[in-house]
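Asker: Coordinates for the following, if possible.
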Amino acid sequence: MKNLKQLFVCLLAFTAWSVASATEQKIYHILPVGDSITEGGGNFSNYRYPLLKKLTAAGYRVEFTGSRTSASPVGPLRHEGYGGKNAEFLAGVLENYFRTNSADIVLIHSGHNHTNTEAPVRGIVAATEALIRTARNANPHVIVLVAQVIPSGKLPKYEYIPELNVELAKLPARLTTQESPVIGVNMADGFNWQTDTISDHVHPNSLGAEKMAAKWFAALTNALAAPHS
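Answerer: Residues are numbered from 1 along each chain as shown. Next comes the predicted model:
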């Protein structure tokens, strides 16, 4: 009888452990990569905090990762956003970062900080491809979201952005694999620099940041397993 009671207790404990294991929610480590539009600033908004709110409200457990931090209403949020830097710079920085770090998901929004006279599209695309390769070297199963970048009214400096976005939109079909999907996110669609940026016509205001967060959120919820109810 004593042995039967012990067996019953063990079965109850195992059942409880199994239920807890089955319902344990995965924590996704998300690395935001970009320039000041990703980093944020004192007089303009960025998408990271509103994206965190959307994911958390939907039941996902996420942690932003990165070597840098910026303040938010819930405390510092990590990222790899560098104000004033371009995609080529980011490709070099992330190569060093990923030698000792990895992420489940990488969000790339990079295409500004060149001028139209540089004819920069080919170089930006090549740097974006390098970023993806580097992320995969650190985590062969990484999910990479590549944004077609938000438009700008700062012209003629950013006249190259429409051409750039055409080329960035081709990357998912060319680079995605079953083990490591590359997903395109059309940030430019529905983003109006006249209403969605601050007075410099480049950086998002609160409305623009919410629009960016909504685009990332929609893409992420299509890519990730549904959270436990």
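
Asker: Wait, residue 158 touches residue 150, no?
Answerer: No: applying CB atoms under 8 Å as the test, residue 158 and residue 150 come out as separate, 10.0 Å apart. Backbone N, C-alpha and C define where each C-beta goes, glycine included.

Asker: and the longest strand along the chain, which strands flank it?
Answerer: If you go by DSSP state E, the chain has its longest strand at strand 27-34. Next to strand 27-34 in the sheet, as set by DSSP bridges, lie strand 61-64 (parallel), strand 77-81 (parallel), strand 105-109 (parallel).

Asker: hang on, residue 49 packs against residue 71?
Answerer: No: the pair residue 49 / residue 71 is not scored as a contact, 9.4 Å apart, by CB under 8 Å.

Asker: Overlap in contacts, those two.
Answerer: Shared contacts of residue 49 and residue 71 (CB atoms under 8 Å, 6 or more residues apart in numbering): residue 77.

Asker: Pick out whichever of these two has more residues nearby.
Answerer: residue 49 (19 against 11; other CB atoms under 10 Å).

Asker: any idea which element the more buried one lies in?
Answerer: According to DSSP states H and E, residue 49 maps onto helix 48-57.

Asker: hang on, the earlier thing: of residue 158 and residue 150, give the one with the bigger neighbour count.
Answerer: residue 150 (29 against 23).

Asker: May I see the buried residues of the longest strand of the chain?
Answerer: For strand 27-34, the neighbour count (16 or more other CB atoms under 10 Å) marks 28, 29, 30, 31, 32, 33, 34 as buried.
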